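Peer 1: The sequence isn't on hand, but the structure is:
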Ligand SMILES: Nc1nc2c(ncn2[C@@H]2O[C@H](COP(=O)(O)OP(=O)(O)OP(=O)(O)O)[C@@H](O)[C@H]2O)c(=O)[nH]1
Ligand SMILES: Nc1nc2c(ncn2[C@@H]2O[C@H](COP(=O)(O)OP(=O)(O)OP(=O)(O)O)[C@@H](O)[C@H]2O)c(=O)[nH]1
């Protein structure tokens, strides 16, 4: 199930980053940084009252001249409206209400997206209470006084945020139709591939009801089966600042990947793999989504016998955290191997939903343990009692052990590899949860 996205919007210097850090650092942050990928502090995973969600700091406005600030704020608010389920609009009690605040509040109100108004830097509520009331004038509801720095009032703020999430409904409305996000850097060919796929298959272009975001999802029917493509192409907001463009592109990617089953990361063959590509792959990996690497513009590359092998090795080494990713060499321009994309998507969907019976799993486990002894530390050896698969999408396994601390990353990876040798799970991450239980079998 896709997690809600919560975006933090506000003027420069009101405390967006401080709030973001308080939420990401202090609350339980689930996702660990993918090794080898530098993580921008743009998004983080948070849980509150049993609800998991992703927070996004829309951040980064240069406090330049007043009108530039305003236009950048509008841009930032629009990104939040496009990509978030709930928006935290943060203001500063010390600076009081500003004209820019009012204008952004108008925009947010018109968007009809749920907004929670935070008034920050209320370090002493008693003396600042009257100043907080002033923010009712924004007309977007009750102001929540907080001190991001002092970590005050954040619980009430989060209660309000969480109250806007859809109920735990179990199934999503159109869950049976697979969703595929086409992601990648600007100009790699995301629109081209969608257009080409549209041209070659029977198509219905539609705004899927219930998706209120401005990105238009496209349904493509192939061999009687529907696929929904989520397009992240064509960043409409024109920003002159390179960091902003990258930031917005990451925000849109996070939001698209969150909603998808399978992410297709497009890489420009002419350019080769870059750090930005690895960041995007990391987003899909962290979220346990299916991952297909589509090396596009293959028509531009001069090839000999070893070209594809060299490319594959290079990409695999940069994306070493996701060795399971499927790889395809395509040309959105000529249509070369585009049909293979659907086969790859089908394959990944199957892997994501594969369930391995506990009996079979434990046979593999016993064999794996016999072949390579579990690690030990200071004379105490890791004991693995048994393993069971608890969910799909991504396939998630609970391993019961005597002492969690003895489970090393390398041994876990070894077990993962044994499982993959037997069952494949191509194209999907698999997750492990390590639990302790007593040696006599009581947990
Ligand atoms: N007194 C007080 N100061 C705060 C509080 N929260 C943040 N600040 C200060 O406000 C300043 C700006 O905080 P940031 O979190 O960087 O603000 P921002 O909105 O991310 O700023 P930009 O990156 O410019 O958009 C810093 O000096 C913080 O220490 C608070 O609760 N109380
Ligand atoms: N030679 C060649 N050119 C391609 C291929 N795919 C896309 N292009 C070209 O690459 C350029 C960018 O393609 P787009 O589809 O607009 O890229 P995009 O990823 O949607 O770009 P943004 O909207 O900026 O995110 C265009 O000039 C395309 O014609 C390909 O397979 N081969």
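Peer 2: Structure received. Note that the structure is a prediction, hence the values are computed from the model and not measured. Ligands and ions are numbered 1, 2, ... in the order given.
Peer 1: Closest to the centroid, which residue in this protein?
Peer 2: Centroid-nearest residue in the chain: residue 254, 4.1 Å away (criterion: Cα atoms, centre = their mean).
Peer 1: which non-adjacent residue is nearest that one?
Peer 2: Among residues not flanking residue 254 along the chain, residue 43 sits closest, at 5.0 Å (Cβ to Cβ, 6 or more residues apart in numbering). In short, each C-beta sits where N, CA and C put it, glycine included.
Peer 1: Then residue 184?
Peer 2: residue 266 (3.5 Å).
Peer 1: tell me the contacts of the residue nearest to residue 274 when sequence neighbours are not counted?
Peer 2: The spatial neighbour of residue 274 that comes closest, neighbours along the chain excluded (Cβ to Cβ, 6+ apart), is residue 185 at 7.3 Å. If you count contacts by Cβ atoms under 8 Å, 6 or more residues apart in numbering, residue 185 has them with 249, 266, 268, 274, 276, 277, 280.
Peer 1: Per-residue pLDDT of the second one, please?
Peer 2: Right, residue 266. In this prediction, residue 266 carries a pLDDT score of 96.
Peer 1: Number of residues surrounding it?
Peer 2: 26 (other Cβ atoms under 10 Å).
Peer 1: Just list what the strand or helix carrying it packs against, helices and strands only.
Peer 2: Of the helices and strands defined by DSSP states H and E, residue 266 is found in strand 262-268. Under the contact criterion of 3 or more Cβ pairs under 8 Å, 6 or more residues apart in numbering; DSSP states H and E, strand 262-268 touches strand 179-184, helix 275-286, strand 290-296, helix 338-352.
Peer 1: I'd say residue 384 and residue 369 touch.
Peer 2: Yes. Using Cβ atoms under 8 Å, residue 384 is in contact with residue 369, at 6.2 Å.
Peer 1: neighbour-wise, which of the two wins?
Peer 2: A side-by-side neighbour count of residue 384 and residue 369, using other Cβ under 10 Å, places residue 384 first with 20 against 17.
Peer 1: Could you list everything the more buried one pairs with in the sheet?
Peer 2: residue 401 (DSSP bridges).
Peer 1: Now do the contacts for it.
Peer 2: Residue 384 neighbours (Cβ under 8 Å, 6+ apart): 365, 369, 374, 399, 400, 401.
Peer 1: got a list of what residue 92 touches?
Peer 2: 10, 11, 13, 14, 15, 119, 120, 121 are the contacts of residue 92 under Cβ under 8 Å, 6+ apart.
Peer 1: distance of it from ligand 2?
Peer 2: 35 Å (Cβ to the nearest ligand atom, to the nearest Å).
Peer 1: what do you get for residue 391?
Peer 2: 33 Å.
Peer 1: With residue 48 instead?
Peer 2: Distance from residue 48 to ligand 2, counting by Cβ to the nearest ligand atom: 34 Å.
Peer 1: any low-confidence regions in the stretch 51-200 of the chain?
Peer 2: 60-67, 168-175, 200 (pLDDT under 70).
Peer 1: Can you list the residue ranges for helices in it?
Peer 2: For the stretch 51-200 of the chain, the helices defined by DSSP state H, counting those that start in this stretch cover 66-83, 99-111, 125-133, 154-163, 190-200.
Peer 1: quick one: residue 54 and residue 254 touch, right?
Peer 2: Yes. Using Cβ under 8 Å, residue 54 makes contact with residue 254 at a distance of 6.4 Å.
Peer 1: joint contacts of the two?
Peer 2: In contact with both residue 54 and residue 254: 5, 43, using Cβ under 8 Å, 6+ apart.
Peer 1: Mind listing the strands the strand or helix carrying residue 9 pairs with, and their directions?
Peer 2: Element membership for residue 9 (DSSP H and E) is strand 5-10. Paired neighbours of strand 5-10 in the sheet (DSSP bridges): strand 51-57 (parallel), strand 86-92 (parallel).
Peer 1: Need the winner for burial among these.
Peer 2: Highest mean neighbour count among those (mean count of other Cβ atoms under 10 Å): strand 86-92, with a mean of 26.
Peer 1: quick one, that one and helix 66-83 angle?
Peer 2: Interaxial angle, strand 86-92 versus helix 66-83 (axes from the mean of the first three to the mean of the last three Cα atoms, to 10 degrees): 160 degrees.
Peer 1: any residue of strand 86-92 up close to ligand 1?
Peer 2: No. Counting by Cβ under 6 Å from any ligand atom, ligand 1 has no neighbours in strand 86-92; the shortest distance is 7.1 Å.
Peer 1: how about the helices of the stretch 51-200 of the chain in a markdown table, adding distance to ligand 2?
Peer 2: Output for the helices of the stretch 51-200 of the chain, formatted as a markdown table (distance: least, Cβ to the nearest ligand atom, whole Å):
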| stretch | distance to ligand 2 |
| --- | --- |
| helix 66-83 | 15 |
| helix 99-111 | 23 |
| helix 125-133 | 42 |
| helix 154-163 | 30 |
| helix 190-200 | 3 |
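Peer 1: Out of these, which is closest to ligand 1?
Peer 2: helix 66-83 (9.1 Å; Cβ to the nearest ligand atom).
Peer 1: thinking again about what came up before, list the beta-bridge partners for the residue nearest to residue 254.
Peer 2: With DSSP bridges as the rule, residue 43 is bridged to residue 56.
Peer 1: Return the per-residue confidence for it.
Peer 2: Residue 43 is given a pLDDT of 83.
Peer 1: Perfect, I'm done here.
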